[in-house]
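K.L.:
Fold the following for me, if possible:
(one chain, ligands or ions: 1)
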Amino acid sequence: MSVFHLKYRPQNLAELDLSDVAESIGKIMSNKERPQAYLFAGPKGSGKTSAARIVAKMVNCEKSKGKDPCNQCSA
Ligand SMILES: [Zn+2]
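P.N.:
From the prediction side, this is the model:
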């Protein structure tokens, strides 16, 4: 039985435990030209999925102009 999908996930970069990762993502996201693909690598539980979910929200966010997703739009 797995309850991992139920665990709390950070909702923006500031809540991400990995500050160096958050910084890197912030730099990428504040760039005008965003990459076409993102690769997350690391051991299990290191925050790949959490980081990817935040990145996905940022990429798809309709309102966010800065680093963080607005957490309000449909994305
Ligand atoms: Zn949004």
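K.L.:
now this structure, which segments are flagged as low pLDDT?
P.N.:
Applying pLDDT under 70 to the chain flags the ranges 1-5, 64-67.
K.L.:
repeat that for 90
P.N.:
1-22, 24-36, 44-47, 58-75 (pLDDT under 90).
K.L.:
give me every residue that touches Ala51.
P.N.:
Applying CB atoms under 8 Å, 6 or more residues apart in numbering, we find Ala51 in contact with Leu16, Leu18, Val21, Ala22, Ile25, Phe40. For glycine as for every other residue, the C-beta is placed from the backbone atoms N, C-alpha and C.
K.L.:
most centrally placed residue in this structure?
P.N.:
Nearest to the geometric centre of the chain sits Ile54, at 2.3 Å (CA atoms, centre = their mean).
K.L.:
how much space between that residue and Glu33?
P.N.:
20 Å (CB to CB, to the nearest Å).
K.L.:
Helix, strand or coil: sort out the residue nearest to the centre of the chain for me.
P.N.:
Secondary structure, DSSP: H, G, I helix; E, B strand; the rest coil: Ile54 is helix.
K.L.:
Let's see stretch 35-42 as PDB, backbone CA atoms only.
P.N.:
Extracted as PDB, the C-alpha positions of stretch 35-42 are listed here (Å, rounded to 0.1, in the frame of the first residue of the first chain):
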ATOM      1  CA  PRO A  35      13.900  25.200 -22.400                       C
ATOM      2  CA  GLN A  36      11.800  22.700 -24.300                       C
ATOM      3  CA  ALA A  37      12.400  19.900 -21.900                       C
ATOM      4  CA  TYR A  38      13.300  19.500 -18.200                       C
ATOM      5  CA  LEU A  39      15.300  16.600 -16.800                       C
ATOM      6  CA  PHE A  40      15.100  15.800 -13.100                       C
ATOM      7  CA  ALA A  41      17.700  13.500 -11.700                       C
ATOM      8  CA  GLY A  42      18.400  12.300  -8.200                       C
END
